[in-house]
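*Asks:* sequence and predicted structure are below.
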Amino acid sequence: MHLLDIKSDFNIHRPQKKAVWMDCGVHAREWIGPAFCQWFVKEAISSYKYDSVTTRLLNQLSFYIMPVFNVDGYHFSWNSDRFWRKTRSKHHKSQCRGVDANRNWKVKWCDEGASSHPCDDTYCGPFAESEPEVKAVARFLRRHRKRVKAYISIHAYAQMLLYPYSYKYATIPNFSCVVRRPSSAGISHKSAGASGSSIDWAYRNGIPYAFAFELRDTGHFGFLLPESLIDPTCAETTRAVKVSDRLNDLLYS
């Protein structure tokens, strides 16, 4: 697992600056996720000092970006099973491998929307944070909880913006701040429907702005998004992140 820390010269010597976390590739088969994270890093670096929005964001905020959260699963989806979703951990009591890394967080673990059966795609794992990937990220975010003010997780597909709470139909206290206007990517807002998710964990652990993007498309191509749609998908999502009300709130709060 590799983590990129993007910051400008303007704030490189200001260690207490507010930070944004972004991860991609939690689910192995969602290839557009890692593509977007790489695109975002490229755009941030190449457009800094040339694009006023990017310059303002990088001058005021640090970005922690994990391009591929589920490295082993992602590799397996390229070489063995294109539709593989989970991690690749082994289980003592089952020949089925892997855990759904977005059902393994310590928040309403293994409740609604998760499975206790190792062979299921939504298997929650033998215990919360059983997966080294989840445990490592949770440890990092706990260590930097005073700085990280926004958590963004990139997924596919559905073209939706998901927000806490995922495990129940109830609005969070700062709902009006988190969900204020439609994004420029044509993504609708929706509460998810799963327990043990990363956005719920982030919110419960003091990160006020936590949400997940479900990128293109709405089902025609699904996980098999063609190469021709990578650029427009990444471009529109970058615009949506850059003009996000949530990030602008961080700049001026």
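*Replies:* In hand now; what should we look at?

*Asks:* could you look up the SS state of the closest residue in space to residue 201 that isn't next to it in sequence?
*Replies:* In space, and not counting its chain neighbours, residue 201 is closest to residue 105: 3.9 Å by CB to CB, 6 or more residues apart in numbering. For glycine as for every other residue, the C-beta is placed from the backbone atoms N, C-alpha and C. Following DSSP: H, G, I helix; E, B strand; the rest coil, residue 105 is assigned to coil.

*Asks:* may I have the residues that are in contact with residue 105?
*Replies:* Contact analysis of residue 105 by CB atoms under 8 Å, 6 or more residues apart in numbering lists 128-129, 134, 138, 196-198, 200-201.

*Asks:* repeat that for 10 Å
*Replies:* By CB atoms under 10 Å, 6 or more residues apart in numbering, the contact set of residue 105 is 124-125, 128-129, 131, 134-135, 137-138, 166, 195-202, 204-205.

*Asks:* need the buried ones from those residues selected in ChimeraX.
*Replies:* Buried subset of those, written as a ChimeraX selection, criterion 16 or more other CB atoms under 10 Å:
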select :124,125,128,129,131,134,137,138,166,195,196,197,198,199,200,201,202,204,205
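
*Asks:* and residue 148, what pLDDT?
*Replies:* The model reports residue 148 with a pLDDT of 96.

*Asks:* do residue 179 as well
*Replies:* On the pLDDT scale, residue 179 is placed at 51.

*Asks:* next: residue 166.
*Replies:* Residue 166 carries a pLDDT value of 74.

*Asks:* next one: residue 242
*Replies:* 86.

*Asks:* could you measure from it over to residue 160?
*Replies:* Residue 242 is 19 Å from residue 160, where distance means CB to CB, to the nearest Å.

*Asks:* ok, now residue 235?
*Replies:* Residue 235 is 18 Å from residue 160, by CB to CB.

*Asks:* where are the low-confidence patches of the chain?
*Replies:* 1, 9-15, 167-193 (pLDDT under 70).

*Asks:* which residue is nearest the middle of it?
*Replies:* residue 153 (1.0 Å; CA atoms, centre = their mean).

*Asks:* ok, that one to residue 205 distance?
*Replies:* Distance from residue 153 to residue 205, by CB to CB: 14 Å.

*Asks:* neighbour count winner among residue 235 and residue 160?
*Replies:* A count of neighbours by other CB atoms under 10 Å puts residue 160 above the other of residue 235 and residue 160, at 19 against 14.

*Asks:* excluding sequence neighbours, find me the nearest residue to that one.
*Replies:* Per CB to CB, 6+ apart, closest to residue 160 is residue 214, 4.4 Å.

*Asks:* that neighbour should be in a helix, yeah?
*Replies:* No: counting by three-state DSSP, residue 214 is not part of a helix but strand.

*Asks:* surely it touches residue 157?
*Replies:* Yes: in this structure, residue 214 is within contact of residue 157 by CB atoms under 10 Å, at 6.2 Å.

*Asks:* need the overlap of contacts for these two.
*Replies:* With CB under 10 Å, 6+ apart as the test, residue 214 and residue 157 both reach residue 30.

*Asks:* for residue 201, which three-state class applies?
*Replies:* Applying three-state DSSP: residue 201 is helix.

*Asks:* list the contacts for it?
*Replies:* 102, 104-109, 128-129, 134, 137-138, 141, 151, 164, 166, 207, 210.

*Asks:* of the residues you listed, which belong to strands?
*Replies:* Among the contacts of residue 201, the ones falling in strands (DSSP state E) are 151, 210.

*Asks:* gap between the residue nearest to residue 201 and residue 35?
*Replies:* Taking CB to CB, one finds residue 105 at 24 Å from residue 35.

*Asks:* how about residue 50?
*Replies:* Relative to residue 35, and taking CB to CB, residue 50 is found at 23 Å.
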